[in-house]
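[1] quick one, what's the 3D model for this:
(one chain, ligands or ions: 1)
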Amino acid sequence: MKRMLVVAGALLLSVGAVVAQQDQVKRTQAMMKDNGKNAGALSAMVKGDKPYDQSTVNAALAQFEDTAKNLPTLFPQSMKGLKMEGDYDPSPKIWEDKTGFESQIQNFAKVVADAKSKVKNLDTLKAELPVIGKQCSSCHETYRIKKG
Ligand code: HEC
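    Numbers count the residues shown, from 1 in each chain. Predicted structure coming up:
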């Protein structure tokens, strides 16, 4: 009986861990989706589809900054090998080349901080958005896998 309880307890614990992992995956994906939305809003202004709006710019840059701060914890070791819903999975390189991944995060944080101090109008947005976009793609190229 005692043994049964121990087994049941261990099972419950591992269920708890799986739930925590799924929450983590959701949090990570939600953050990346917000990045995508905000990058889209900025690019609409650059293309002239939307008028320049400083508060949208500020909100987008604040969210990128938040992402940069959170990125070091968005992919804990326990997430390695997990499949995500949607079109992308994190690459195992995130955990195999931690130094490389961390330098991607730092570069991203740097261009976002830079953009925050520089973007004041459409011209500066036009200059800075590609710099940020390059950093998004640079990380995705190595550390994100498009599902086939
Ligand atoms: C340091 C690495 C890194 C940086 C910087 C980064 N991303 Fe990502 N991104 C990832 C990884 C890894 C995934 C795959 C896991 C996932 O989908 O959450 C991803 C997934 C995504 C997705 C797909 C989300 C989904 O599941 O539908 C979008 C959209 C996205 N990123 C947008 C952006 C944008 C826009 C930026 C820049 C403003 C950015 N990312 C910066 C690593 C990064």
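[2] can you give me the helices for this structure?
    2-47, 54-74, 93-96, 98-118, 122-143 (DSSP state H).
[3] okay if I get these as JSON lines plus mean pLDDT?
    Formatted as JSON lines, these follow (pLDDT from 0 to 100):
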{"stretch": "helix 2-47", "mean pLDDT": "82"}
{"stretch": "helix 54-74", "mean pLDDT": "96"}
{"stretch": "helix 93-96", "mean pLDDT": "96"}
{"stretch": "helix 98-118", "mean pLDDT": "98"}
{"stretch": "helix 122-143", "mean pLDDT": "97"}
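[4] CSV please, covering those and showing distance to the ligand and mean neighbour count.
    Placement of C-beta: from N, CA and C, glycine included. Shown next, in CSV, are the helices of the chain (distance: least, Cβ to the nearest ligand atom, whole Å; neighbours: other Cβ atoms under 10 Å):
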stretch, distance to the ligand, mean neighbour count
helix 2-47, 3, 13
helix 54-74, 5, 16
helix 93-96, 6, 15
helix 98-118, 4, 15
helix 122-143, 3, 16
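[5] could you measure from the residue nearest the centre of the chain over to Ile145?
    Centroid check for the chain by Cα atoms, centre = their mean gives Met32 as the closest residue, at 4.0 Å. Going from Met32 to Ile145 by Cβ to Cβ, to the nearest Å gives 13 Å.
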